[in-house]
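Q: Need a 3D model of the following:
(8 chains)
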There are 8 protein chains.
Amino acid sequence: MNQRELKNLLAEIRDGRMDLDEGLARLRHLPFEDIGIARIDHHRELRQGSPEVIFGENKTPEQLLTIVSAMTGRQRNILVTRLDEEKGGLLVSRWPEGDYDPLARTFCLQLSPLPDLHRGPLLIACAGTSDLPVAREAMVTARMFGIEVEELTDVGVAGIHRLLAETDPLSRAAAIIVVAGMEGALPSVVGGLVAVPVIAVPTSVGYGAAFGGVAALLGMLNSCAGGVTVVNIDNGFGAAFAAARILRRQPA
Amino acid sequence: MNQRELKNLLAEIRDGRMDLDEGLARLRHLPFEDIGIARIDHHRELRQGSPEVIFGENKTPEQLLTIVSAMTGRQRNILVTRLDEEKGGLLVSRWPEGDYDPLARTFCLQLSPLPDLHRGPLLIACAGTSDLPVAREAMVTARMFGIEVEELTDVGVAGIHRLLAETDPLSRAAAIIVVAGMEGALPSVVGGLVAVPVIAVPTSVGYGAAFGGVAALLGMLNSCAGGVTVVNIDNGFGAAFAAARILRRQPA
Amino acid sequence: MNQRELKNLLAEIRDGRMDLDEGLARLRHLPFEDIGIARIDHHRELRQGSPEVIFGENKTPEQLLTIVSAMTGRQRNILVTRLDEEKGGLLVSRWPEGDYDPLARTFCLQLSPLPDLHRGPLLIACAGTSDLPVAREAMVTARMFGIEVEELTDVGVAGIHRLLAETDPLSRAAAIIVVAGMEGALPSVVGGLVAVPVIAVPTSVGYGAAFGGVAALLGMLNSCAGGVTVVNIDNGFGAAFAAARILRRQPA
Amino acid sequence: MNQRELKNLLAEIRDGRMDLDEGLARLRHLPFEDIGIARIDHHRELRQGSPEVIFGENKTPEQLLTIVSAMTGRQRNILVTRLDEEKGGLLVSRWPEGDYDPLARTFCLQLSPLPDLHRGPLLIACAGTSDLPVAREAMVTARMFGIEVEELTDVGVAGIHRLLAETDPLSRAAAIIVVAGMEGALPSVVGGLVAVPVIAVPTSVGYGAAFGGVAALLGMLNSCAGGVTVVNIDNGFGAAFAAARILRRQPA
Amino acid sequence: MNQRELKNLLAEIRDGRMDLDEGLARLRHLPFEDIGIARIDHHRELRQGSPEVIFGENKTPEQLLTIVSAMTGRQRNILVTRLDEEKGGLLVSRWPEGDYDPLARTFCLQLSPLPDLHRGPLLIACAGTSDLPVAREAMVTARMFGIEVEELTDVGVAGIHRLLAETDPLSRAAAIIVVAGMEGALPSVVGGLVAVPVIAVPTSVGYGAAFGGVAALLGMLNSCAGGVTVVNIDNGFGAAFAAARILRRQPA
Amino acid sequence: MNQRELKNLLAEIRDGRMDLDEGLARLRHLPFEDIGIARIDHHRELRQGSPEVIFGENKTPEQLLTIVSAMTGRQRNILVTRLDEEKGGLLVSRWPEGDYDPLARTFCLQLSPLPDLHRGPLLIACAGTSDLPVAREAMVTARMFGIEVEELTDVGVAGIHRLLAETDPLSRAAAIIVVAGMEGALPSVVGGLVAVPVIAVPTSVGYGAAFGGVAALLGMLNSCAGGVTVVNIDNGFGAAFAAARILRRQPA
Amino acid sequence: MNQRELKNLLAEIRDGRMDLDEGLARLRHLPFEDIGIARIDHHRELRQGSPEVIFGENKTPEQLLTIVSAMTGRQRNILVTRLDEEKGGLLVSRWPEGDYDPLARTFCLQLSPLPDLHRGPLLIACAGTSDLPVAREAMVTARMFGIEVEELTDVGVAGIHRLLAETDPLSRAAAIIVVAGMEGALPSVVGGLVAVPVIAVPTSVGYGAAFGGVAALLGMLNSCAGGVTVVNIDNGFGAAFAAARILRRQPA
Amino acid sequence: MNQRELKNLLAEIRDGRMDLDEGLARLRHLPFEDIGIARIDHHRELRQGSPEVIFGENKTPEQLLTIVSAMTGRQRNILVTRLDEEKGGLLVSRWPEGDYDPLARTFCLQLSPLPDLHRGPLLIACAGTSDLPVAREAMVTARMFGIEVEELTDVGVAGIHRLLAETDPLSRAAAIIVVAGMEGALPSVVGGLVAVPVIAVPTSVGYGAAFGGVAALLGMLNSCAGGVTVVNIDNGFGAAFAAARILRRQPA
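A: Below is the predicted model of the structure:
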């Protein structure tokens, strides 16, 4: 029941076509979301301009085809994540206008113009080349939100001069996503250099006592730089989503 | 060596009072920060309007008195965190104009007007009454940044209607800090209701398999609501610092 | 806004005293719970006959006195858990009609007759004498729900004949709470002997590789007896609450 | 030795055909279960109407064929769990009257009418579509116990309105199984809405700090909703078994 | 019901004083242990010559006095473990003939001659002086079983020559308990030198990544010496108990 | 350098054919083991009658063929463990007189008569059918030591009557190896029934919170039955080796 | 900007071809590393004579070919680690002068003479044959640094005499890398025998409670031998790198 | 038996005062270390100039007095670590010439001149002021080895310019100990700046997900800077000991 239907219901009462008790009963049994309460409008606000997202891992090729087909009807932009090359190829052969990124393991199908709702640029900094897939997932996601993205790669803390040489992108950024595996130290250094929001993404890069990203996760949670926040291991998508929340332009 | 001194050095070279080799040598041995590189100015920007912060735990009363005394000279506002009642009382007896909050375990000494650099309001929502100390630490910290704060307490997910009744503060918030212990589920629900940034703070509230906040931390890192970010267990201070990064007004 | 107010609102519309847009606006901003949705009534059903519960740990004596005083006004029965002897004594000295149990570490203040809403008996079986505090917390809690309780103590699996000798209480039980620390094996044996619900409570009894109850918790989660369910470490209260959900009599 | 044989033994003694010492010796060496002690009858009671269950994982196709063949002789209904498609197909080709469910990964062979020994309905609620296999395993299992089942899917807490819209199935349920991965928050919300038993099943859905279901498991063990009980990760079968213990009708 | 009573029951049947059905009924309701099944005799065999043992930790002084008093009536030897000096002094002041060992934290009250049922000697080897309390608990326990004990202290693997110099006690031992904290490597070296049973006891000695004995426990479980077995952290009592099982003389 | 050579060296000194300094120098550079110290003889004692053992996992087929070929020269019996069917078949095709056991995943090549150095029988009890591979590895190993073995399978604690019916093998055993996965409770029950040594072997059987055998391992380390010792997860070989240490006959 | 360019800049100022403000501006925007600060020279010093290193795991064959091709232009020696046989074969077929070691899983391409900058020899001691791949990775790495290496294999602590027989290589070593899995005890023994630096490398050899090398790692971190240092699990490369730091000859 | 005695023994044989068999017997029963094998001399070499060390934690004041008194007789320098102020004061009152450092929690009693056996200087860098106690323990230890020490404090990575400003001490250092808690990132940055050995010491500074130093430990083990080695959490002593091994001057 949308707003119009609710108005109709009230109109029927006003016009005497429905008595009070029936109106009351129907109101009480309305599904929650149909009442149109404000908080849902808020979230819809976020969904404006956001892509439809499908987590591709563990889904069969058939399931993916079915889901994406169903979504194309709504004319929203579509983003599929965690997609190996075989599944990616399948989607591209079905929707050749789509774009599969083998590094990010994402498939993008842009059916509408990208929205222009966010400030920028968003800087995505990456400690080592092995962290690139996660960084790229964040980049693809952010771009599907219409966010301007810059990249900085291979600026791990063991070669600190490489990061420090990049004054300009650090200065320009409206927010920074920092992607790092192993000891996960890069967000602490970046957080100490800039005043804008820093979102840290631990990656599962490493071996042995890296414990699949736990070492990096703990490092980032214990960052000595104030106000660094963290998302789940390898969650490039989530970091970009958080950036979208942050960079959303305030209404005038 | 500040900018003026650097200019003087160049002037001496220009004027022939210093030869090239000596100039080169002095430049090469300059301490890094004295060259006045932009990124440090950036961070200084953040520090504008931020309080000086002292982590009070593990410091002796004598150490605290010494450190706070030294800081009062700079006319910056001072925030001491993780302060038990005995140490808090000591600081209040020495600086009666300061304010000790026994719930937040903080001491604030405001020596300058609070800055007006951030948007607001920041909503701080709290799952249970046992989570209040961490929520209050976040609140005190945010206020020392000059951020307008609203509070929502005891809105745990087992009584979901209590949260859902609070349409207005959820609608108004420019960002939300969500504080929860035990299963740490509140950020997922809040993140699904609003479009603004959500910063989750796990608390060490609970016992047994709560593992001192680990259950809540893992819950928040795995939040099914997109774009929720997380800080360390009980880190109310860090959450408010992250909010300050986010809410900082953009220059015109 | 309760049902009557909602009816009034509709009446105003019907009578033309409120136009459609204003009615729509007011409906959209209704706090959720005031619409009177059934599911809240459901939970109220559970609360019928249940005690008011206060988790006593980490609360100061002053806080406890304040909270209990406030509750006595509602004429509901009151249960305070995790209460050391000092705080327990304080409550007894203030409400001499209350009952402090130093083993269970509970304080009960019965202001109304206990309800008669549950089937029984509930058997609470306990592996070792060190597990007794948790078993007793479960017992006190269940009794405050009006549930008839039987106890079986010191029936650990290393002396399996002691358990097997207790045919009668095992036969009689409508549900069984099994409390055990160390390896937590008792629920598996009990679950294999009976057809009624078995709720397992791991305790923090043990040392070294008991890891504060983790060994028992894991043992119970991996029980080879089908259909055993588990609550948190030392959570005697929660086990009794679960039993109350199970033993609640169905309406005729 | 069954009851009749025991009676014969006593008759021989009575009739003087066996002397006391031999009778004593034979009694002392009786296998335990042959004495016919009541507690075994109890469990048999549970087994009435329950299916024979085979855990299919790690078993070879040959082992499965052998075991199922042997069981068909007893005319009990048969349930095989954790069965991949290849093994499932093999069983179906051998017993075409059986039913393989590729989502639940179960094979059911109904050789007798389903029993009518339990109250209902049992609601099985599921946070996300990735949790469906575990929910379906619970559903298939419960149905093999003759329990009426309803399903509620994709009601994760990040879209809380979807759950709250489902007043009716929540009201009707005699017990609820809640299946969730990631942060495992759904049981807390459901437990706060209803008064009936809630059995929580963590799933291994998620990645990174989900740790294969540990995050969900901890979340559920620390649920802030009272009286929620938990089974092992991905243990849909065990949750349904626990529901069967709970919903078993009391004798008149 | 002991053997004599069981015989009487059969005699009553034989003599016609009890009919068959009553005899059957009484037999079926016999408590399990009264039937006098052999396996209980077996364990009684172990208990012959073993002390009565009380785990002193977490027991109040009053509880200890009550329990020990009750036990003195049975004329069995009594061993109380995990006893701090205050409680130990209390027991000694009550039973001056008893012996409190402050290092082992044990109290022994010998009311009967020590049994002579075990082979020996048992060697108790100890890596560092900090491991001595656990080694001593094992020694006191073994002596209460009547086992001859030898000690070897401070033979940690970082000074391997100290161990290798002790040819004689290693050659003589009928079994060896090896007590070590930190990396727990001593059992591997000892296990490679001797052919007799080696029981490893990890201790909680160490700090940081020793994790309260977990490092030593893992080291011992992964010992590269074949056939080394392990008990719980700090469980000197359990190691001596295991040695008693091993060293028990076979009947001729 | 063996004893004879050492004697020759001394004789050369005595006879003046070697001067003191050269003798001293040669003594100081003697390899340790050539001095013929007793402890090495001790271990050799254990190796008498023990098989040569090869850990087959991670070894290539070629490596296995090379190692076994080299060993056949010494006329010792050979045991290869952790051997999949492919590698096992390879060894059998090369040494048809050998025996590959696909359940135990072992290959035995008996080149000498089995020794008769140990008491028996050794009972190997096993909780569930999934634990059989580990139990069988223990059995094969023990038999290669010449130990008489009995088996007891599927006596898990959820059907405790099955274990209790087995009075005779429990009574006969000189030592017992107990193999169990999931909650690992069987050793506690067995340890309470018998007086002989009990060696517990946790298996990796289970899923979810079984954590690959950790739940069973912790359960066994925390056994409430006194004197139960534990070996590594799935270490059937090690348990049998420990049994060989225990059951070795004492010299007359 | 190198030193010469910096000098030119100052010369332009001196000569009046550049005014002060422009010089200041250009200095302030210099990339950090171009200023030629000493610490970068230091590291370059380490890189003198060190190989270029590529971590081969997770890289595709194409990526490897591209990276190695690019590097051959610089005439530095090249070391690729963590390389399976297929990728190794590919590199050898492309650069037949290179050397693939299937045990170490390394590919070396020596394009320049090995440097002679380090003392030696470096001893690499290895507990068991399964630890050899990690030891060999360390050996290959050290040799690419031009370090003389000796090896000692199969000197695990369960056969301590094998280690103690190796007086000479232990005496000669300028530093020792000790590689061990399982309980990781070898570094403690070696550390107690020698005065030179000891670097411990835990390996993932083992099963069950070895937890992929965690047991060995914890053992080494808790070594009772003073001054033993540790690198990550299986990090043979890192250990050799640390040895290169240690063994680097001091300038005269 | 020292070398002289061994020579005497051989002389007695030569001179006919002892026959061959007695000589052989005495040689075979020599305690290992008395034979004077070279490897022990090596370690003695390390002990030359090293202090005698006592781990003060868990030792009673009486034990400390006894141990130190006994040691003073040997005229070696004495270092007691992990000493609280009460125990430290006790030692100072007994040996006023000793030095108690309340920050390092050490007591030094210098009875001989400090040795001059090591190169230097050793730089000890420290991330935050809370890490100072561990850094100071390292410093005191190193000085008792006679090593020249420099300190660098409060150079955490969130203020990277503070570290980068310290070109000189970084350039001078012969080896560097890096002490850091929280995320433990400092060793990675330092390791990337210098070519000398870097020993990382994680500290237990931090809270929540710092897990008592585990986060820092994991960070350091996963350092992206090559050749960084690690010691146990808070093990300042061990780091200095490792530095002593490294900095020991080679014989000419």
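Q: all helices for the stretch 151-252 of chain A, in order.
A: A:160-164, A:167-172, A:186-193, A:214-221, A:236-247 (DSSP state H, counting those that start in this stretch).
Q: Need the ones you listed in CSV (columns: mean neighbour count and distance to A:Glu97).
A: Using the backbone N, CA and C atoms, a C-beta is placed for each residue, glycine as well. Putting the helices of the stretch 151-252 of chain A into CSV (neighbours: other CB atoms under 10 Å in any protein chain shown; distance: least, CB to CB, whole Å) gives the following:
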stretch, mean neighbour count, distance to A:Glu97
helix A:160-164, 21, 38
helix A:167-172, 16, 31
helix A:186-193, 30, 36
helix A:214-221, 31, 37
helix A:236-247, 27, 22
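Q: Format these as TSV; extra columns: mean pLDDT and distance to G:Gly159.
A: As requested, the helices of the stretch 151-252 of chain A are exported to TSV (pLDDT from 0 to 100; distance: least, CB to CB, whole Å):
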stretch	mean pLDDT	distance to G:Gly159
helix A:160-164	82	46
helix A:167-172	85	57
helix A:186-193	92	45
helix A:214-221	96	35
helix A:236-247	96	50
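Q: Format the ones you listed as a markdown table; extra columns: distance to F:Val190.
A: Output for the helices of the stretch 151-252 of chain A, formatted as a markdown table (distance: least, CB to CB, whole Å):
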| stretch | distance to F:Val190 |
| --- | --- |
| helix A:160-164 | 60 |
| helix A:167-172 | 66 |
| helix A:186-193 | 53 |
| helix A:214-221 | 38 |
| helix A:236-247 | 49 |
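Q: F:Ile54: which of these is closest?
A: Nearest of these to F:Ile54, taken as CB to CB: helix A:214-221 at 35.0 Å.
Q: Please see if that closest one touches chain E.
A: No. Using CB under 8 Å from any CB of the partner chain, helix A:214-221 stays clear of chain E, coming no nearer than 13.7 Å.
Q: neighbouring contacts of that helix?
A: Helix A:214-221 is contacted by residues A:180-185, A:187-188, A:200, A:202-203, A:205-206, A:209-210, A:228, A:230, A:233, B:217, B:221, B:230-232, D:208-209, H:183-185, H:208-211, H:214-215, H:218-219, H:221-222 when judged by CB atoms under 8 Å, 6 or more residues apart in numbering or on different chains.
Q: Buried only: go through the residues you listed for me.
A: Buried members of the contacts of helix A:214-221, scored by 16 or more other CB atoms under 10 Å in any protein chain shown, are A:180-185, A:187-188, A:200, A:202-203, A:205-206, A:209-210, A:228, A:230, A:233, B:217, B:221, B:230-232, D:208-209, H:183-185, H:208-211, H:214-215, H:218-219, H:221-222.
Q: quick one: A:Val12 is in a helix?
A: I think there's a mix-up here, since residue A:12 is Glu and not Val. Yes. According to DSSP: H, G, I helix; E, B strand; the rest coil, A:Glu12 belongs to a helix.
Q: distance of the residue nearest to it when sequence neighbours are not counted from C:Pro187?
A: Of all residues not flanking A:Glu12 in the chain, A:Met18 sits nearest, at 4.1 Å (CB to CB, 6 or more residues apart in numbering or on different chains). Between A:Met18 and C:Pro187 the computed distance is 56 Å (CB to CB, to the nearest Å).
Q: A:Ser130 too?
A: For A:Ser130, the distance to C:Pro187 - CB to CB - is 46 Å.
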